[in-house]
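Colleague: pasting the structure only:
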């Protein structure tokens, strides 16, 4: 299972913001540079994330973006929704085609995929930015003080 570019870049940007000191703002160019993302594309994603109230923006020469909610309140599912994706579509990519399911006429297999689909979807909404933040900090600690984090 793989996130699309939109989903992946959005998670990277929000994780980057969660790693910054509380209350500070980061410019699009700073986030893009730290996470090795194309700034014009990132800016469009941040606008979508702002419209979904996951980030807030500050205008001006020292403006930028910051998280609008605590990292514990932002799930992977919310991030994907904000950029027009869904956990359902990501999870559906794992399921065999409907034709294969119909040909097999296997009710048990069909029910298994439905249950797996729901469990994976639930996982997207249970994993928060805070969870990823602690994973990132653990990785940084293991790498040494000077390690920068790129998702």
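Modeller: Yep, it's here. Every value quoted in this text rests on a predicted model; they were computed, and no experiment measured them.

Colleague: show me what the lengthiest helix in the chain is packed up against.
Modeller: In the chain, assigned by DSSP state H, the helix with the most residues is helix 107-126. In terms of contacts (3 or more CB pairs under 8 Å, 6 or more residues apart in numbering; DSSP states H and E), helix 107-126 is packed against helix 76-82, helix 87-92, helix 98-104. C-betas here are computed from N, CA, C, even on glycine.

Colleague: now with 6 Å, please.
Modeller: Where contact means 3 or more CB pairs under 6 Å, 6 or more residues apart in numbering; DSSP states H and E, helix 107-126 is packed against helix 76-82, helix 87-92.

Colleague: after that helix comes which helix or strand?
Modeller: Once the chain leaves helix 107-126, the next helix or strand it forms, by DSSP states H and E, is helix 129-143.

Colleague: give me the mean pLDDT for that following helix.
Modeller: Helix 129-143 shows a mean pLDDT of 85.

Colleague: just stretch 7-16 next, same as before
Modeller: Averaged across stretch 7-16, pLDDT comes to 93.

Colleague: next, the buried residues of it.
Modeller: 7, 9-16 (16 or more other CB atoms under 10 Å).

Colleague: just how off-centre is it within its chain?
Modeller: Centroid separation for stretch 7-16 versus its chain: 5 Å, with CA atoms, centre = their mean, to the nearest Å.

Colleague: who's in contact with that stretch?
Modeller: Residues from elsewhere that reach stretch 7-16 (CB atoms under 6 Å, 6 or more residues apart in numbering): 31, 34-35, 37, 45, 79-80, 83, 85, 129, 132, 151.
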